[in-house]
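Engineer: pasting a predicted model and its sequence here:
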Amino acid sequence: MTFVPVVFLLGTIPAGYAVDDIPPPFDADYSFASYHAKTVVNGNVVDYSRTFEVRELSVPVKAADLRKFYRIIAGDERNTVVLKPAP
């Protein structure tokens with residue numbers, strides 16, 4: 001059984017600002033689940049997408065591996081897009 005929630009967020013960059021920094025694409029792939037996130041700037045729109053796929057509902061791995069996987073996701077979710085005043 002596979003459960004794949006996908007999140008897409010779009011944000012408009014305010015007038016007078018430009019993107020200074022975006023998080024790098026991120027991929028974590030385990031036998032029981034995967035997580036992928038990407039931020040792209042298209043003109044004055046920031047497009048953020050992520051996919052979290054659960055491949056097995058009963059995880060046949062060590063608890064430490066599962067904790068590591070969720071800590072990786074939590075760390076990625078704290079990434080931000082940095083704006084600066086436009087020149």
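Structural biologist: All right, it came through fine.
Engineer: what's residue 69 sitting at in phi/psi?
Structural biologist: Phi and psi for residue 69, reported as degrees, to the nearest 10, are phi -60, psi -50.
Engineer: which residue is the nearest non-sequential neighbour of it?
Structural biologist: By the measure of CB to CB, 6 or more residues apart in numbering, the closest residue to residue 69 outside its immediate chain neighbours is residue 30, 5.6 Å from it. C-beta here means a position set from N, CA and C on the backbone, and glycine is covered the same way.
Engineer: helices along the chain, start to end?
Structural biologist: Along the chain, counting by DSSP state H, helices occupy 63-77.
Engineer: okay but residue 34 is in contact with residue 28, surely?
Structural biologist: Yes - using CB atoms under 8 Å, residue 34 makes contact with residue 28 at a distance of 6.5 Å.
Engineer: give me the most central residue, the chain.
Structural biologist: Nearest to the mean C-alpha position of the chain, counting by CA atoms, centre = their mean, stands residue 37 at 3.0 Å.
Engineer: next up, the contacts around the residue nearest to residue 23 when sequence neighbours are not counted.
Structural biologist: In space, residue 23 comes closest to residue 79 once its chain neighbours are excluded; the distance is 3.6 Å by CB to CB, 6+ apart. The contact partners of residue 79, taken as CB atoms under 8 Å, 6 or more residues apart in numbering, are 23, 26, 37, 39.
Engineer: the nearest residue to residue 7 once chain neighbours are set aside: how many residues sit nearby?
Structural biologist: Among residues not flanking residue 7 along the chain, residue 50 sits closest, at 5.0 Å (CB to CB, 6+ apart). Applying the criterion other CB atoms under 10 Å, we find 18 residues in the vicinity of residue 50.
Engineer: so where's the chain uncertain?
Structural biologist: Low-confidence segments of the chain, defined by pLDDT under 70, are located at 1-5, 59-61.
Engineer: could I get the full set of strands for it?
Structural biologist: Listed from the start of the chain, the chain has strands (DSSP state E) covering 6-12, 17-21, 26-29, 33-42, 45-54, 82-85.
Engineer: which one of these lies nearest to residue 62?
Structural biologist: Residue 62 lies closest to strand 33-42 among the strands of the chain, at 14.1 Å (CB to CB).
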